[in-house]
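Trainee: What follows is a protein structure lacking sequence information:
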């Protein structure tokens, strides 16, 4: 019998690349549980626009001490952690993720860290410590009034290296990066420190052909509209307004202009998602430890299972 010990499997890839489907299939076979590494699925109520409900039906486990979703029979953790107007960052995520991974291991199950948020994955895999900078309300209030392009220009002056990796349209991430730079007087990216790794890690990435990925993104966005994305956006803006950083992300920010027709909004979301996927490629290409496998409903699973079995037998 293979002992889980300190093992962690990471399934990563671009948005809409089939990560979740593959991870669920593997978790079923290998007695695993999934820890989400998605910086937007942590928000309660932001369901359709973050693709929570696109690929799988979710039911809440009311007996769980912390928020937990059961998707296709597999426990998923770190989904619906905070409300959209609450603060959440990579340091908070790392603390919660490590605690959950260790809990899964203690119960004799195999943890799968699954997602496309590269910074969240790296924080766990490399045990990265981030500067402990408390939220600065006055600065945040000032920055939240600005557009994403304006924030990016401010950040570019403070941390030119970081602009290569940060999401240009992600106001939440930009505001936090500016906040850290101003508080520490240095680069947000250079302030990170890698400590001794906490886990033995196997990272598996799903390769996606450009045209195939585009088709999958288009299909996903169309399904979001059918599921009621417009209604979800209306409900969220009534509760929280437009100015909170979590609403300034793909799938939500495109609705801000009331002049645009639905079809225009749909095409904007598709375009922005494709651009985001390109930035994900840039991020993941830096990590040479990732074992890349081609996307295929059957062969991806077989290939990944072979890699995992070999890893667990070490």
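Mentor: Structure's in. What do you need? The structure displayed is predicted, hence computed values, not measured ones.
Trainee: And what about the residue nearest to residue 29 when sequence neighbours are not counted, helix, strand or coil?
Mentor: Leaving aside its sequence neighbours, residue 29 sits nearest to residue 305 (Cβ to Cβ, 6 or more residues apart in numbering; 6.7 Å). (Glycine included, C-beta is placed from N, CA and C.) Per DSSP: H, G, I helix; E, B strand; the rest coil, the secondary structure class of residue 305 is helix.
Trainee: let's number from 667 now, not from 1
Mentor: Sure thing, new numbering starts at 667, so read that last one as residue 971.
Trainee: quick check, residue 883 in a helix?
Mentor: Yes. Assessed by three-state DSSP, residue 883 belongs to a helix.
Trainee: Residue 688: what secondary structure?
Mentor: The three-state assignment at residue 688 reads helix, by three-state DSSP.
Trainee: ok, it - how many residues close by?
Mentor: 25 (other Cβ atoms under 10 Å).
Trainee: what helix or strand is the closest residue to it other than its chain neighbours on?
Mentor: Excluding the flanking residues, the one nearest residue 688 by Cβ to Cβ, 6+ apart is residue 966, at 5.5 Å. Assigned by DSSP states H and E, residue 966 belongs to helix 965-978.
Trainee: Hmm, residue 685 and the residue nearest to residue 688 touching each other?
Mentor: No. In this structure residue 966 lies outside contact range of residue 685 using Cβ atoms under 8 Å: 9.9 Å.
Trainee: Find residues that contact each of those two.
Mentor: Residues touching both residue 966 and residue 685 (Cβ atoms under 8 Å, 6 or more residues apart in numbering): residue 872.
Trainee: so residue 953 makes contact with residue 869?
Mentor: Yes. Using Cβ under 8 Å, residue 953 is in contact with residue 869, at 7.0 Å.
Trainee: who's more crowded, these two?
Mentor: Neighbour totals were compared for residue 953 and residue 869, and residue 869 leads with 19 against 15 (other Cβ under 10 Å).
Trainee: average pLDDT across the helix holding residue 966?
Mentor: Averaging pLDDT along helix 965-978 gives 94.
Trainee: Contacts for it, please.
Mentor: 668, 670, 673, 675, 677, 684, 688, 691-692, 695-696, 776, 868, 870, 872, 957, 959-960.
Trainee: So which of those belong to helices?
Mentor: With DSSP state H as the criterion, helices contain 688, 691, 692, 695 from among the contacts of helix 965-978.
Trainee: Which two of these have the greatest separation?
Mentor: Based on Cβ to Cβ, the longest span within the ones in helices among the contacts of helix 965-978 runs between 688 and 695 and measures 11.0 Å.
Trainee: Report the buried members of the ones in helices among the contacts of helix 965-978.
Mentor: Neighbour-count burial (16 or more other Cβ atoms under 10 Å) applied to the ones in helices among the contacts of helix 965-978 gives 688, 691, 692.
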